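Asker: Sequence and predicted model, in that order:
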Amino acid sequence: MYVYADNAATTALSPRALEAMMPYFTETYGNASSLHSPGQRAAEALQTAREAVAKAIHADFKEIYFTGGGSEADNQAILSGAAIGARKGKKHIISTAFEHHAVLHTLQKLEKEGYEVTLLPVHENGVVTAEDVAAAIRPDTALVTIMFVNNEIGTVQPIAEIAAVCREKGVLIHTDAVQAVGHIPVDVKALGVDMLSMAAHKFHGPKGVGALYARRGVPLVNVIEGGQQERGKRGGTENIPGIVGMAAAITEATEHLEKDMAYVTGLREKLITGLEKIPHSRLNGDREKRNPGTVNFCFEGIEGEGLLLWLDQKGVAASSGSACTSGSLDPSHVLLALGLPHEVAHGSLRLSVDVWNTEEEIDHILRAVPEVVDYLRDMSPVWDELERGEMPHLI
Amino acid sequence: MALYSETVMDHFQHPRNVGKMEDADGIGEVGNAVCGDIMRMYIKVKDDIITDVKFITFGCGSAIASSSMATEMIKGKPIAEALELSNKAVAQALDGLPAHKLHCSVLAEEAVRAAVKDYYDKHNIAYDPAIFGCDVACAHEHDHDQAPAEE
């Protein structure tokens, strides 16, 4: 048995999305900007897809801008918020320490251009509060950008409350909802956000396509200059098969959302309960305020990459925030933002399951993980020192 | 292409000489948990020959494979030869390591030297401190150039 438990990294394309996409590669391949009938059929498919995506998040179709993925949507949202603020002399942006790098690196770029960025702490439970945001807002704050669901630990941020604070203070609010859309209810009107990013491949759509929701009246700046596609806000011939696939996937994912959430939450709870039995382990992030499928654990005395390689051998695809898997000296910035010491953060494991996973697969994971943790601890000098009491256990 | 060579994966999955040694003549430990890898190497010495060697390692796949390979390369060898083991030789024997993992082979070389130094110190064997060059306790170099992978 091989279990794919890395759905927060990417998901398999759903057969329904694949089927919807196929004709747009080989039959209806026209350019949506062309006046001939193949082109016009592509334009119709684009419009239908735009309406489907809008409907799934309770937006108007004119508020949906298709992009080349979640990172591009994040870039465009933040650069737009910054530009809008600058016109009014506002050059302060608020975000959090555990955003995706698509957000953090865009903010770093803006800092070099003279913007000031405040990164809010995320507390030990990985949740930022509306009070933190309210306290950080200044008269020159242009934008607040806070992720809806954290990609590594799965904690859900109180975006509706944060957006209410922002509205009250007249500050634009963007949320990176890449890990939320298709997994928990996302209603842009109820949330009250100005901009929201999403990526199709996180909910069984194709890779390389995403969308930015921008509330009517929020003027976007271009990341890609070009023709008049996407109301002039994103140049380049539209990726019709990808966009059609995204629309099919989001429709499918939101059809039985409540039922799916209950099922996936059950799998997640089974995973957490099983993994908690491993001594000196720790669930990262708030136990309750988390999205249905994401589980992140630290196991003391071992290093994450070895864990992943062994799990792969044992038939489990997972991910880790260890330095070795990130290719840098430091372990995951997300785990460090929670206040975890480096040596503990190195031993992290993220399992992300979804509606495609089964109970049997969870059982398989729960057999494999303790086995591998035991094996690696047996050959770990850190574990040896912990067990002999030469070093205190941290978790 | 896979991240690791077949040899690295073989040594990772079937580490040679893994485990602790109760009656070691010398023990060397290098690295630190904050950086994410620690190697501890145990040696047994008779007539200047390393008759047995064991290791335990906290670290990634290449750290485990590098330790394993280094133990194979010094087992049964005279101490003088073990001290000549270079990180490059370890990496080559593993059929190469990814650039950002080369420090793992450096750590293996340092672990061997640390174990020998401990053996000398414990047995009051005089040596020229210069043969250990830089202090084995010094922090090994990590590669900072690699950008983190993202999804």
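Answerer: Great, that's in hand. Keep in mind that what you see is a predicted model, and the values were worked out from it rather than measured. Residues are numbered from 1 along each chain as shown, chains lettered A, B, ... in the order given.

Asker: Please count neighbours and contacts with C-alpha atoms only from this point.
Answerer: Will do.

Asker: Give the burial count for the residue in the stretch 51-200 of chain A that chain B sits nearest to, as a bare number.
Answerer: As assessed by CA to the nearest CA, chain B sits closest to residue A:101 within the stretch 51-200 of chain A, at 7.6 Å. By the criterion of other CA atoms under 10 Å in any protein chain shown, residue A:101 has 17 neighbours.

Asker: Strands of chain A, start to end?
Answerer: Secondary structure of chain A (DSSP state E): strands located at A:3-4, A:64-67, A:92-96, A:116-120, A:141-145, A:172-176, A:195-199, A:210-214, A:281-283, A:294-299, A:316-317, A:348-352.

Asker: So which residue is smack in the middle of the chain?
Answerer: Defaulting to chain A. residue A:179 (3.2 Å; CA atoms, centre = their mean).

Asker: To clarify, I was referring to chain B.
Answerer: So for chain B, CA atoms, centre = their mean, it's residue B:108, sitting 1.8 Å from the centre.

Asker: related to what we said a few turns ago, pretty sure the residue nearest to the centre of chain A contacts residue A:153?
Answerer: No. The criterion here is CA atoms under 8 Å, and residue A:179 misses it with residue A:153 at 10.7 Å.

Asker: Find the helix or strand that residue B:69 is a member of.
Answerer: Per DSSP states H and E: residue B:69 is located in helix B:61-74.

Asker: Quick check: buried residues in the biggest helix by length in chain B?
Answerer: Longest helix in chain B, counting residues (DSSP state H): helix B:102-122. Judged by neighbour count (16 or more other CA atoms under 10 Å in any protein chain shown), helix B:102-122 contains these buried residues: B:102-119.

Asker: Relative to the whole chain's centre, how far out is that helix?
Answerer: Relative to its chain's centre, helix B:102-122 lies at 6 Å (CA atoms, centre = their mean, to the nearest Å).

Asker: do the same with stretch A:143-157
Answerer: Using CA atoms, centre = their mean, the offset of stretch A:143-157 from its chain centre is 7 Å.

Asker: all helices of chain B, in order?
Answerer: Taking DSSP H, the helices of chain B run over residues B:6-13, B:61-74, B:79-82, B:87-93, B:102-122.

Asker: Ok, which of the ones you listed comes nearest chain A?
Answerer: Of all these, helix B:61-74 comes closest under CA to the nearest CA, at 5.1 Å.

Asker: which residues are contacting the closest one?
Answerer: Identification of contacts with helix B:61-74 by CA atoms under 8 Å, 6 or more residues apart in numbering or on different chains yields A:305-306, A:309, B:4, B:8-12, B:15-18, B:37, B:39, B:50, B:53-55, B:57-58, B:81-82, B:85, B:90-91, B:93-94, B:97, B:101, B:104-105, B:107-109, B:112.

Asker: Which of the helices of chain B sits closest to residue A:297?
Answerer: Nearest of these to residue A:297, taken as CA to CA: helix B:61-74 at 19.5 Å.

Asker: tell me the angle of that closest one relative to helix B:102-122?
Answerer: Going by axes from the mean of the first three to the mean of the last three CA atoms, to 10 degrees, helix B:61-74 is angled at 50 degrees with respect to helix B:102-122.

Asker: pLDDT averaged over helix B:61-74 - what is it?
Answerer: Averaged over helix B:61-74, pLDDT sits at 96.

Asker: Format the CA atom coordinates belonging to that helix as PDB.
Answerer: Output of helix B:61-74 as PDB, limited to C-alpha atoms (Å, rounded to 0.1, in the frame of the first residue of the first chain):
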ATOM      1  CA  GLY B  61      19.700  10.800   4.700                       C
ATOM      2  CA  SER B  62      23.100  11.900   3.500                       C
ATOM      3  CA  ALA B  63      24.300  12.400   7.100                       C
ATOM      4  CA  ILE B  64      23.500   8.800   7.900                       C
ATOM      5  CA  ALA B  65      24.900   7.500   4.600                       C
ATOM      6  CA  SER B  66      28.100   9.600   5.100                       C
ATOM      7  CA  SER B  67      28.600   8.200   8.600                       C
ATOM      8  CA  SER B  68      28.000   4.700   7.400                       C
ATOM      9  CA  MET B  69      30.500   5.000   4.500                       C
ATOM     10  CA  ALA B  70      33.200   6.600   6.700                       C
ATOM     11  CA  THR B  71      33.000   3.700   9.100                       C
ATOM     12  CA  GLU B  72      33.500   1.300   6.300                       C
ATOM     13  CA  MET B  73      36.500   3.300   5.000                       C
ATOM     14  CA  ILE B  74      38.400   3.300   8.300                       C
END
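
Asker: Let me see the contact set for the residue lying closest to residue A:305 once chain neighbours are set aside.
Answerer: What sits nearest to residue A:305 in space, not counting adjacent residues and going by CA to CA, 6 or more residues apart in numbering or on different chains, is residue B:60, at 5.0 Å. For residue B:60, the residues meeting the contact criterion (CA under 8 Å, 6+ apart) are A:303-306, A:324, B:36-37.

Asker: can you pull the pLDDT of residue B:103?
Answerer: We have a pLDDT of 89 for residue B:103.

Asker: Check residue B:147 too.
Answerer: pLDDT at residue B:147 comes out at 40.

Asker: For residue 38, list the residues it contacts.
Answerer: Answering for chain A, as no chain was given. Taking CA under 8 Å, 6+ apart as the criterion, residue A:38 is in contact with A:28-31.

Asker: could you do chain B instead?
Answerer: A:381-382, B:29-32, B:57-59.

Asker: and stretch A:357-374, how far out from the chain's middle?
Answerer: Distance, stretch centre to chain centre, for stretch A:357-374: 24 Å (CA atoms, centre = their mean).

Asker: So which residues make contact with it?
Answerer: With CA under 8 Å, 6+ apart as the test, stretch A:357-374 has contacts from A:1, A:3-5, A:267, A:270-271, A:274-275, A:278, A:299, A:302, A:307, A:310-311, A:314, A:316.

Asker: now with 7 Å?
Answerer: With CA atoms under 7 Å, 6 or more residues apart in numbering or on different chains as the test, stretch A:357-374 has contacts from A:3, A:267, A:271, A:274-275, A:278, A:307, A:310-311, A:314, A:316.

Asker: swap in stretch A:80-96?
Answerer: Identification of contacts with stretch A:80-96 by CA under 7 Å, 6+ apart yields A:115-122, A:140-146, A:172, A:220-221.

Asker: just stretch A:381-393 next, same as before
Answerer: Stretch A:381-393 is contacted from outside by A:301, A:377, B:38, B:40, B:56-58, using CA under 7 Å, 6+ apart.
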